[in-house]
Each structure stands twice: as C-alpha cells, then as structure tokens.
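Student: Need a 3D model of the following:
(one chain, ligands or ions: 1)
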Amino acid sequence: MNVRVYPNGDLAAIAAAVLIAGQVVDDPQSVLGLATGSTPLPIYRELIAMAHRGVLDFRRVVTFNLDEYVGLGPEHPCSYRRFMQENLFSQVKMREEQIHIPDGLAADPEAECRAYDAAIAEAGGLDLQLLGLGVNGHIGFNEPAPRFTTNSYCVRLSEQTRRDNRRFFAQGETMPTHALTMGIASIMQARRIVLVATGPKKAQAVRDMILGPVDPMVPASILQMHRHATVLLDSEAASLLP
Ligand code: F6R
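Tutor: Numbering: from 1, shown residues only. Purely as a prediction, here's the structure:
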C-alpha cells in the first residue's frame, strides 16, 4: 500500500484526478472502475476541467461503477446511475455504450451481478478502480462481515451505511435496504486501486485499514494485499496515523 497524505481534501482530489488522467492518457481505451458519494465529487470536477481544456479524452474509455441501490432506476434522483450522469458522464460527453452500472431494477439481482462480472471480464478487467472509504471500513458496499466477499452480489446495507447515506435522500424518501455491489474479489482484480479518504470521520477506518490486521470486519484492510494500491488522504483522515 502506497499511502500519501495531503494538507487538504482538494489536493488529495487533484492527486487522484492526476492518477486517473495518467491512466487515460497512457491508454485512451482504459477500463475504469468508478465510485459515487461525496469523496469523488472534487475528483470528477478536476477530470471534467481537464476534458474541457482538451487535455483528456473520455471518448474511448469504458467505465464500471462499484454499486447501485436495489429498487432505484436510472431516472431516480438518488440512483447512482443518475449521480454519475450528472456529475461526470454528461459533462465529458460519454455515450451510453461506454457506461456500466448494475441495474437496480433487475428482476433477478443475482443474475444481474453475474452478468456484471462477466461484462468486466469481457472488457479485459479493470485497469484502475477508484474507491471511497465507508466510516465502517466498507469499500463498494462490502460491509463488515465474518468473511471477505468474492464476486458482485446483492447486499443488505448496514444501519451505519444507511445512516451515513441518508443525507443524499430527500425527506420522506424511503432509503433502500439493499444494493448491488462489486464484491471484494471483483475489486481486488483491478490492476490498480486508488482509494481516497478525506475528513475526520474517516480517521479510525483509515487507521484500521492501514495499520490493523487484514480483517473482513474492516473490508478495506484487504487492500494491504493488493500489489498496486495507492491511498490518498487529507490530513484529517490521516490524523490517527503515526
Ligand atoms: C460509493 C461507494 C461507497 C463510498 C463510501 C464513502 O460508490 O461504493 O463505498 O465510497 O461509502 O462515501 P463518501 O465518499 O460519501 O464518504
């Protein structure tokens, strides 16, 4: 694990955007694994700015998002498909056929997950996977559990995650109980992983991920075993590191 600490979240986001941009410049047909949530927003803003300046071209990349809520379709304001459309895809003029996100409305969620893993394999595997970090140490929606998960699957969200993500849902809106997520093995197969964590709420999970044992109760700790994982932190998220 290569851990880098930046004075603030903006600089950590720029560093992440530079790594992603480097991947796309080196291979314009890169297969990118993408994340949603608050952490990637400033990263996507940087990437959009680079695309608008003409230094980055997303026309040939292929993307696979980590996860989607069960029950939310692409038009739902809280779906991850909609989030990605608004915060990245539409602004870098990506076409539908370049984009992959698990279908939250799939009649057979497990079949959808198998098809999703097959699509990643068919695309040649993920060149770079961007990750955020849950307060409970989750990556994707792989929640603390007795065992590390393998391939993509349908997961029941933990109460902590539902509480943390409530802020994205309007009042009165029912928060989904389940999500489709890439499994830990799907994530670990990415050739490169870039995890970004910012803010004081992530400090304990960051410490456990980096300094603790590899433990499925801290799903992100598995990244200690990845050959090319980079962790980008701001000083608040790194505050419990020695
Ligand atoms: C999002 C995802 C989650 C988030 C994590 C951190 O696609 O898979 O693992 O990365 O919950 O979320 P934020 O960035 O909102 O703190």
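Student: Give the buried residues for the lowest-mean-pLDDT helix or strand in the chain.
Tutor: Across the helices and strands of the chain, mean pLDDT, DSSP states H and E gives its lowest value to helix 159-165, namely a mean of 91. Residues of helix 159-165 classed as buried by neighbour count (16 or more other CB atoms under 10 Å): 161, 164-165. Where C-beta positions appear, they are placed from N, C-alpha and C, glycine not excepted.
Student: Where does pLDDT dip in the protein?
Tutor: Using pLDDT under 70 as the threshold, the predicted model of the chain has no low-confidence range.
Student: which bits of it sit near the ligand?
Tutor: 35-39, 66-67, 132-134, 138-141 (CB under 6 Å from any ligand atom).
Student: So which of the residues you listed wins on neighbours?
Tutor: Compared across the residues of the chain next to the ligand, Ile139 has the highest neighbour count, 29 neighbours, by other CB atoms under 10 Å.
Student: Show me what it is bridged to.
Tutor: Asn142 (DSSP bridges).
Student: heads up, I number from 17, so please use that
Tutor: Happy to do that; since the first residue is 17 now, the last one works out to Ile155.
Student: in the chain, which helix has the most residues?
Tutor: helix 25-42 (DSSP state H).
Student: for that one, packing partners?
Tutor: strand 18-22, strand 47-50, helix 56-68, strand 144-147, strand 208-213, strand 245-250 (3 or more CB pairs under 8 Å, 6 or more residues apart in numbering; DSSP states H and E).
Student: what residue is smack in the middle of this structure?
Tutor: The centre of the chain sits closest to Ala51, judged by CA atoms, centre = their mean, with a distance of 2.6 Å.
Student: Pull the contacting residues for it.
Tutor: The contact partners of Ala51, by CB atoms under 8 Å, 6 or more residues apart in numbering, come to 81-82, 146-148, 156.
Student: ok so, going back, just the buried residues of the longest helix of the chain, please?
Tutor: For helix 25-42, the neighbour count (16+ other CB under 10 Å) marks 25, 27-33, 35-37, 39-40 as buried.
Student: Any idea how far that helix is from the middle of the chain?
Tutor: 14 Å (CA atoms, centre = their mean, to the nearest Å).
Student: Show residues contacting that helix.
Tutor: By CB under 8 Å, 6+ apart, the residues outside helix 25-42 that reach it are 20, 22, 46, 48, 58-59, 61-63, 66, 71-74, 77, 143-144, 146, 208, 210, 212, 214-215, 246, 248-250.
Student: Likewise for stretch 166-182?
Tutor: 53, 86, 118, 125-126, 129-130, 132-133, 150-152, 154, 157-160, 165, 191-202.
Student: likewise stretch 242-251?
Tutor: 17-25, 27-28, 31-32, 35, 204, 207-215, 222, 225-226, 239, 257.
Student: Mind giving me the ChimeraX command for buried ones among those residues?
Tutor: Those of the contacts of stretch 242-251 that count as buried under 16+ other CB under 10 Å are selected in ChimeraX with:
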select :17,21,22,25,27,28,31,32,35,204,207,208,209,210,211,212,213,214,222,225,226,239
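Student: Val230: which of the helices and strands packed on helix 25-42 is closest?
Tutor: Closest to Val230 of the helices and strands packed on helix 25-42 is strand 245-250 (CB to CB; 12.3 Å).
Student: Who does that closest one pair with, and is each partner parallel or antiparallel?
Tutor: Counting by DSSP bridges, strand 245-250 is paired with strand 18-22 (parallel), strand 208-213 (parallel).
Student: With only the CA atoms kept, save that strand in PDB.
Tutor: Extracted in PDB, the C-alpha atoms of strand 245-250 (Å, rounded to 0.1, in the frame of the first residue of the first chain):
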ATOM      1  CA  ALA A 245      -2.900   0.100  -4.200                       C
ATOM      2  CA  THR A 246      -2.500   3.900  -3.600                       C
ATOM      3  CA  VAL A 247      -4.200   5.500  -0.600                       C
ATOM      4  CA  LEU A 248      -4.700   9.300  -0.900                       C
ATOM      5  CA  LEU A 249      -5.600  11.100   2.400                       C
ATOM      6  CA  ASP A 250      -6.100  14.600   3.700                       C
END
